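Got a predicted structure here, sequence first:
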Amino acid sequence: MLPMDKYIAKLSGLILLLLASPLTYGQNLITRDEDWTAINIAVTDELIIPSYQNLESRSLELISATENFCSDLSALNLDSLKNSYQQSMLAWQAIQHIQFGPITYFNWNYRMHYWPDERGASGRQLDALIASQDESVLTSNAFPRQSVGVQGLPSLEKLLYDANALSDFRDNAYLCSLTTSISRNINEISFGVTQRWMDEYRALILDPVAGGFYENAEDLSIDFLKALQESIAKIRDLKLAPAIGESFVTTRTRSAESWRSESSLTNIKNNLNSAELLFTAYSSAFYEEDITAIVNVFSDLAVTLAALPDSMVTALTNEMQYAQLQTLHAEVEALHEALETALKNTDLYLGFNSLDGD
Amino acid sequence: MFKQICTLACILSIVGCSTGRQNSTSHAAIIENYISIAQASYEDSLISARVLEDTIDAFLEEPNLTTLSYARNAWLAARVPYQQTEAFRFGNPVVDEWEGRVNSWPLDEGLIDYTAAFYGEESDNNYFYTANIIANELLDIGGISVDAAQITPQLLAETLHQIDGVESNVATGYHAIEFLLWGQDLNGTNPGAGDRPATDYSLSECSNRNCDRRRDYLKAVTSLLVSDLDEMVYNWQPGGAAYVDLMQKGPEGGLATILTGMGSLAYGELAGERIRLGLLLNDPEEEHDCFSDNTHNSHYYDALGIQNVYMGSYERINGEVVRGASLASLMAQEAPHLAAQMLARIESTELAMEVLLSEAARGNTFDVLIASNNLDGEEVVSRVVDALMEETRTIEDIIRELNLQNVSISGSDSLGGL
């Protein structure tokens, strides 16, 4: 794995190589399949696979921390388990934007992280599961077949960050069985996705037509660009807007992602960092003015985020920080618009995506 | 329930007839016929809602199992034309902004009336989750006070519906009425629908308390549905808001609107929010008509609505047929391969939907099919999702073929991109 600065330098070299004589808007700047493939494989080897490997490592630690806590239900071990959960969540947030390929197999994406849960299905189903005390649904065969609402990181957060978590775990042995099943499930998904990227999907990246699903390498690049564009829309529409509300008096803290562990803004920082790396990788597909506009918005976002705490709950209850959250939302919107403009100026057609419309 | 979706042979005959009569299908003629179908569909929805209102009046006059079953049957019949109008929702802002008043879903029914223990006591996103308007004349929740002493259409529409900015606070529309007629489905993912007793509306043998207020609620919410549908019928007449808005878009903008409506309903709304999400969560609360277990029919008639606007043909509830220039005819002229592909996609969706109907007839309603260990059910439901996704991909191809601009298809977080 390349260190990130070397990775960026390598990509920059590739970008310079691909920047040909100025073209008029409406044309693709990358026209050769092998050039698309060069970027796709660099992204796969330097961004995607290492990120999934990191998630897999963190989830192994999560299993250990769960075992430690369940063998000794102490406050110290609970804190350690919470920390392990946080590390797994951060690792997931760094690769959450990739919503195609192996992560979509077997509903792995939803099983890892079902959110937002607008109707509270996850809480309702967790309560029902705990009340049932049914150990048979927690086996490695049965658990993946349960509702996605109880299987992944948000469920773990609910269990660990409940105000009475420690006493609840001490009073109810089923909670440890359930937590163990969730931790193992997260690890199994991480392992499965990583392996599939390293084996079959990397091969597909190198020869997209052979798989029969893509017509050419550009098609495959479009999946990455769609992931980039959609991740920004999700930050704007799902992670920020519902919590910020219309004004300081109509905020809704529980609509924020990871509000229980107070890491909503840390998640967004990780999301934007991954988005910037992905954009950098594909910037040779865009016109220079558009690249400048996008880079500038990323810089603005970094400044705004640096001034905010990790916890959106904290920021939402402070009028000055609330104003900064509104700025953050406006800048994410500006980033989305800049990306949209950049894409429109090329001949790349992204098609419909999962968040268009309402 | 009569069968309305054409077979492929029937579809081909309609396209063949259209192309045979005219050499060129103009965009303007397609839009004109689309408006005619919208007018007829909303008129039928209004007629059916008025019948529903009459049966509910009769039920409240004499609440018993028989009058309740008449009211329930009228509700089921009212869904037939209404679901077919859903293809007009997306792309027409006048309809989309109004739609929340009549078909908002999913709803946190604890806002309206009593609920069972499985429903729970609180929700992260909704302070009014168990507000129970019927039981409480005064609400004071999360800093919001509501005087609900008199339950009127105005109170429901202007104060309670989507109170606190929460979409699942649904106080009006078909599903609020459905909840009041059936009550919660207590069977989980086992067969069986809601079974609210008729005595919930009896003044002499009142069950579950507050029958007078429950009667007021049912009366008010039904009256509101009728007036809302009346408004939409007017909106589609010449000079009405939806009519004017569509005409101002011009011929290409009009076609883009038609395809936006088809694609958004098929993809984000139907395949995503209403079907796949239920499968992911194995949650009977996630089925569209969750109190009555009529979800299979609602999905079926949604698919039929998409077919109606593409084929330019609609069979009214009195059997009359509205038919005219269509996108199907246009595509047969402009891109026969794509036209054939779209017809095949429509047929595939129809077949998948028919399996949903036949499963429901055997007692395997949608909530049974999405149970966590029902592998056969999962396959049946997944085929519907797959068929709708394929249909949308072809709609996307048609948009590209016609070079239409500014088409934005509504998606769903429960689906990947196309």
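Now that the structure is in, tell me what you want to look at.

Residue ranges in chain A under the pLDDT threshold?
For chain A, the stretches with pLDDT under 70 are A:1-28, A:349-358.

Show me how it divides into domains.
A:1-31+A:216-358, A:50-212 (automatic domain parsing).

Which one, of those, ends up nearest to residue B:197?
domain A:50-212 (25.1 Å; C-beta to C-beta). No exception for glycine: its C-beta is placed from N, CA and C like everyone else's.

thinking again about what came up before, so which of the domains of chain A gets nearest residue B:222?
Here domain A:50-212 is closest among the domains of chain A (C-beta to C-beta), at 25.2 Å.

and the closest one with chain B, contact?
Yes: legend: contact between domain A:50-212 and chain B by C-beta under 8 Å from any C-beta of the partner chain is shown at A:99-100, A:104, A:107, A:109-110, A:114, A:116-121, A:123-125, A:127-128, A:145-149.

Could I get the CA-only coordinates of stretch B:277-289 as CSV?
Presented in CSV, the C-alpha positions along stretch B:277-289 are these (Å, rounded to 0.1, in the frame of the first residue of the first chain):
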residue,chain,number,x,y,z
LEU,B,277,-37.2,-1.7,2.1
GLY,B,278,-39.8,-4.1,3.4
LEU,B,279,-37.7,-7.0,2.3
LEU,B,280,-34.5,-5.6,3.9
LEU,B,281,-36.2,-5.0,7.2
ASN,B,282,-38.6,-8.0,7.2
ASP,B,283,-41.0,-5.6,8.8
PRO,B,284,-44.7,-5.7,8.3
GLU,B,285,-44.9,-2.1,9.3
GLU,B,286,-43.1,-1.4,6.0
GLU,B,287,-45.9,-2.6,3.7
HIS,B,288,-47.8,0.0,1.9
ASP,B,289,-51.4,-1.0,2.9
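
thinking again about what came up before, could you pick out the buried ones from the residues of domain A:50-212 next to chain B?
The neighbour-count test (16 or more other C-beta atoms under 10 Å in any protein chain shown) marks A:99-100, A:107, A:109-110, A:114, A:116-121, A:123-125, A:127, A:146-149 as buried among these.

gap between the closest residue to residue B:65 other than its chain neighbours and chain A?
Using C-beta to C-beta, 6 or more residues apart in numbering or on different chains and skipping residues adjacent in sequence, the residue nearest residue B:65 is residue B:198, 5.4 Å away. Distance, residue B:198 to chain A, by C-beta to the nearest C-beta, to the nearest Å: 29 Å.

again with residue B:30
Where chain A is concerned, residue B:30 sits at a distance of 22 Å (C-beta to the nearest C-beta).

and that residue, what pLDDT?
Note on residue B:30: pLDDT of 97.

Can you give me the neighbour number for residue B:408?
16 (other C-beta atoms under 10 Å in any protein chain shown).

So what does it have for phi and psi?
Dihedral pair for residue B:408: phi -120, psi 110, per degrees, to the nearest 10.

Surely it and residue B:260 touch.
Yes: contact criterion C-beta atoms under 8 Å: residue B:408 and residue B:260 qualify, at 6.7 Å.

Which positions within the longest helix belonging to chain A qualify as buried?
For chain A, the helix with the greatest residue count under DSSP state H is helix A:319-344. Using 16+ other C-beta under 10 Å as the burial criterion, the residues of helix A:319-344 that qualify are A:321-322, A:324-325, A:327-329, A:331-336, A:338-339, A:342-343.

From residue A:257, how far off is the residue nearest to the spatial centre of chain A?
Residue closest to the mean C-alpha point of chain A, counted by C-alpha atoms, centre = their mean, is residue A:96 at 1.9 Å. Note on residue A:96: its distance to residue A:257, by C-beta to C-beta, to the nearest Å, is 10 Å.

who touches the residue nearest to the centre of chain A in this structure?
A:113, A:231, A:271, A:274 (C-beta atoms under 8 Å, 6 or more residues apart in numbering or on different chains).

Report the two of these separated the most.
Farthest pair in these, by C-beta to C-beta: A:113 and A:274, 14.6 Å.

any weak-confidence spans in chain B?
For chain B, the ranges with pLDDT under 70 are B:1-24, B:413-418.

at 50 instead, please
B:1-23 (pLDDT under 50).

could you pull out the strands for it?
Ranges of strands in chain B, per DSSP state E, are B:138-141, B:144-147, B:313-315, B:321-323.

Deepest-packed of the ones you listed, please.
Highest mean neighbour count among those (mean count of other C-beta atoms under 10 Å in any protein chain shown): strand B:313-315, with a mean of 22.

who in the stretch 251-400 of chain B is up against chain A?
With C-beta under 8 Å from any C-beta as the criterion, the stretch 251-400 of chain B comes near chain A at residues B:260, B:263-264, B:267-268, B:272, B:280-283, B:285-286, B:372-373, B:392, B:396, B:400.

6 Å - rerun?
B:264, B:280, B:281, B:282, B:283, B:372, B:396 (C-beta under 6 Å from any C-beta of the partner chain).

From the residues you listed, which land in helices?
B:264, B:280, B:281, B:396.

How about the contacts made by the spatially closest residue to the second one that is not a sequence neighbour?
Leaving aside its chain neighbours, residue B:280 sits nearest to residue A:148 (4.7 Å; criterion: C-beta to C-beta, 6+ apart). If a contact means C-beta atoms under 6 Å, 6 or more residues apart in numbering or on different chains, then residue A:148 has A:110, A:111, A:114, B:280 as its contacts.

go again using 8 Å as the cut-off
A:107, A:110, A:111, A:114, B:280, B:281.

again, but for residue A:204
Taking C-beta under 8 Å, 6+ apart, one finds A:210, A:211, A:213, A:214, A:220 in contact with residue A:204.

Now do the SS call for the third one.
What it means is residue A:213. Following DSSP: H, G, I helix; E, B strand; the rest coil, the label given to residue A:213 is coil.

For it, the count of nearby residues, please.
Around residue A:213 there are 11 residues (other C-beta under 10 Å).

can I assume residue A:283 is in contact with residue A:298?
No: using C-beta under 8 Å, residue A:283 is not in contact with residue A:298; the gap is 11.1 Å.

If you count surrounding residues, which of these two has more?
Comparing residue A:283 with residue A:298 by other C-beta under 10 Å, the one with more neighbours is residue A:283, at 23 against 17.

In three-state terms, how would the more buried one be classified?
Assigned by three-state DSSP, the conformation of residue A:283 is helix.

Not counting its neighbours along the chain, what's nearest it?
Distances taken as C-beta to C-beta, 6+ apart put residue A:291 closest to residue A:283, at 5.1 Å, once the chain neighbours are dropped.

cool, and residue B:28?
According to C-beta to C-beta, 6+ apart, the nearest residue to residue B:28 is residue B:251 (5.6 Å).

If you tally nearby residues, what's the number for the one you found?
14.

I'd guessed it sits against residue B:25; true?
No: if you go by C-beta under 8 Å, residue B:251 and residue B:25 don't touch, sitting 11.4 Å apart.
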